[in-house]
Structure formats: structure tokens, C-alpha cells
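Peer 1: Here's my sequence, what's the structure:
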Amino acid sequence: MDEYIQVLLKIIFKPRTFQCDFAREHAAKIAEMASRGHITCILNGRVFPKWYGTKAAMDFITQHGVKIGLETEKEGSKC
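Peer 2: Down below sits the predicted model:
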């Protein structure tokens, strides 16, 4: 579950495009996140080419005791 939360946090802090290397590397986790409703590509009824974290993701992370702050995301991915 730790890896799941780490990947989810990276998407929450920096939405990722569908075809970037990050998305390819974590394809199975991203599929699971989408099926659980933790990420979406739909915002305000429009489809975008990126994955975004949802309120359900924030609730999930909070339930697992993760404290979110500005220092949580430090990776500088290009996608």
C-alpha cells in the first residue's frame, strides 16, 4: 500500500499525462487508482489528457495517516 500512496501523492501534487514515462511505469497502479475513483481525467464535465487526484484520494490518504504539506512532493518529473 505504501507504493500505491506514493504514486497517488505524485499524481495529486503534479497531474500526469496519460502517455508519459511515469504513467507507463506505474500503469497497473494508475488503473487501480482510476477504478477506485482516486484519480480522474474529467474535470467540470470536460475530459483532459492528464490524471488528477480526487476528493476520494484525499480522504483515502488522510485515513492512512499521511499528512500532506508542501514538502510532501519533491520529485521533479517532466510529464
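Peer 1: Tell me the pLDDT of the residue most central in space within the chain.
Peer 2: In the chain, the residue lying closest to the centroid (Cα atoms, centre = their mean) is I11, at 2.9 Å. In this model, I11 is scored at 96, pLDDT.
Peer 1: Then I68?
Peer 2: pLDDT, I68: 72.
Peer 1: so is it in a helix, a strand, or just coil?
Peer 2: coil (DSSP: H, G, I helix; E, B strand; the rest coil).
Peer 1: Contact partners for the closest residue in space to it that isn't next to it in sequence?
Peer 2: With sequence-adjacent residues excluded and distances taken as Cβ to Cβ, 6 or more residues apart in numbering, I68 is closest to I61, at 6.7 Å. For every residue, glycine as well, the C-beta is placed using N, CA and C. By Cβ atoms under 8 Å, 6 or more residues apart in numbering, the residues touching I61 are 5, 8-9, 12, 68.
Peer 1: again, 10 Å this time
Peer 2: 5, 8-9, 12, 38, 53, 67-68, 72 (Cβ atoms under 10 Å, 6 or more residues apart in numbering).
Peer 1: Same check on E25?
Peer 2: Residues near E25 by Cβ under 10 Å, 6+ apart: V7.
Peer 1: quick one: it from R16, how far?
Peer 2: In this view, E25 and R16 are 10 Å apart by Cβ to Cβ, to the nearest Å.
Peer 1: before we move on, what about I30?
Peer 2: 8 Å.
Peer 1: Mutual contacts of those two, please.
Peer 2: 7, 22-23, 39, 51.
Peer 1: ends of stretch 50-65, how far apart?
Peer 2: 26 Å (Cα to Cα, to the nearest Å).
Peer 1: As a quick check, tell me the outermost residue of the protein.
Peer 2: Largest separation from the mean C-alpha position in the chain: G45, at 18.9 Å (Cα atoms, centre = their mean).
Peer 1: confidence score at that residue?
Peer 2: Per-residue pLDDT puts G45 at 95.
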